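*Asks:* okay, here's the prediction I keep looking at, along with the sequence it came from:
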Amino acid sequence: MIMPDHARLMARYNRWQNESLYTAAASLDQTARLEDRGAFFRSIHETLAHILWADRIWLSRFDMCEKPTCAGHETLKLWADWEVLKADRMKMDDVIDKWADGFSESDLRDSLEWHSGAAGRILSKPVWLLVTHIFNHQTHHRGQVHAMLTAAGASPDDTDLFLMEGEA
C-alpha cells in the first residue's frame, strides 16, 4: 500500500511534468501539435487531451469534478482549442493537488466501487491501487507526448522524479 505522502509527491510530479510538456508544446504551432505522429491518440494535442479526459473521469469517481461529456476517443469535442486545453489542464492540476492533499492512511485502505466503461461492469478496488493507476496512466501517456515533442524539435524538461525541485 502507498502512503499519503506518495500521493502528494505524485501530484507535484504531475504538475511539474505537465508544465514542462505544455511549455514545450506551446513552442510548436497548432498544425504541428495536431499532426498525426502515429501514437495511440495520434497527435501531441490529442494525447494531452486524453490525459486530461482520463484525469477527469477518475477524479469524478472521487467526487472531485464533473465527468467529461464525451468518450475518450472524442476529446477534441471538449478541447479543440489549445488555450482551453491548457487552462483546463491547469485547473485539473489544482484539483489533483487538493485530492492528493486530502488522503489519510485509512482513506487509501478503503475501496472505491464504480461502473467501468472499459470493463463494462461494476468494479471495486482499493483506493491506493487506483491512486497508483491514475498517476501511472498519466506518466505512460506523458512519455508518449515527450517522445512526440522531441521528434518535433521541441525541448521538454527531464522526466526523472529525483530531478524535481524540492525533493530530498
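*Replies:* Done, it's in.
*Asks:* going forward, measure contacts between C-alpha atoms and count neighbours the same way
*Replies:* OK.
*Asks:* which ones are touching the residue nearest to residue 37 when sequence neighbours are not counted?
*Replies:* Using CA to CA, 6 or more residues apart in numbering and skipping residues adjacent in sequence, the residue nearest residue 37 is residue 43, 5.6 Å away. Residue 43 makes contacts with 33, 34, 35, 36, 37, 148, as judged by CA atoms under 8 Å, 6 or more residues apart in numbering.
*Asks:* give me the distance from the lowest-mean-pLDDT helix or strand in the chain to the chain's centre.
*Replies:* Taking mean pLDDT, DSSP states H and E as the measure, the helix or strand of the chain with the lowest value is helix 76-79, at a mean of 93. Chain-centre distance of helix 76-79: 16 Å, with CA atoms, centre = their mean, to the nearest Å.
*Asks:* please apply the same query to stretch 157-167.
*Replies:* Distance, centroid of stretch 157-167 to centroid of chain: 17 Å (CA atoms, centre = their mean).
*Asks:* do the same with stretch 138-157
*Replies:* That offset, for stretch 138-157, works out to 13 Å (CA atoms, centre = their mean).
*Asks:* mind listing what's buried in that stretch?
*Replies:* Residues of stretch 138-157 classed as buried by neighbour count (16 or more other CA atoms under 10 Å): 138-139, 141-142, 144-149, 152, 154-156.
*Asks:* can you check stretch 62-79 too?
*Replies:* By 16+ other CA under 10 Å, the buried positions in stretch 62-79 come out as 64, 65, 67, 68, 72, 75, 76, 79.
*Asks:* before we move on, what about stretch 40-47?
*Replies:* When burial is assessed from 16+ other CA under 10 Å, stretch 40-47 yields the following buried residues: 41, 43, 44, 45, 46, 47.
*Asks:* cool, thanks, signing off.
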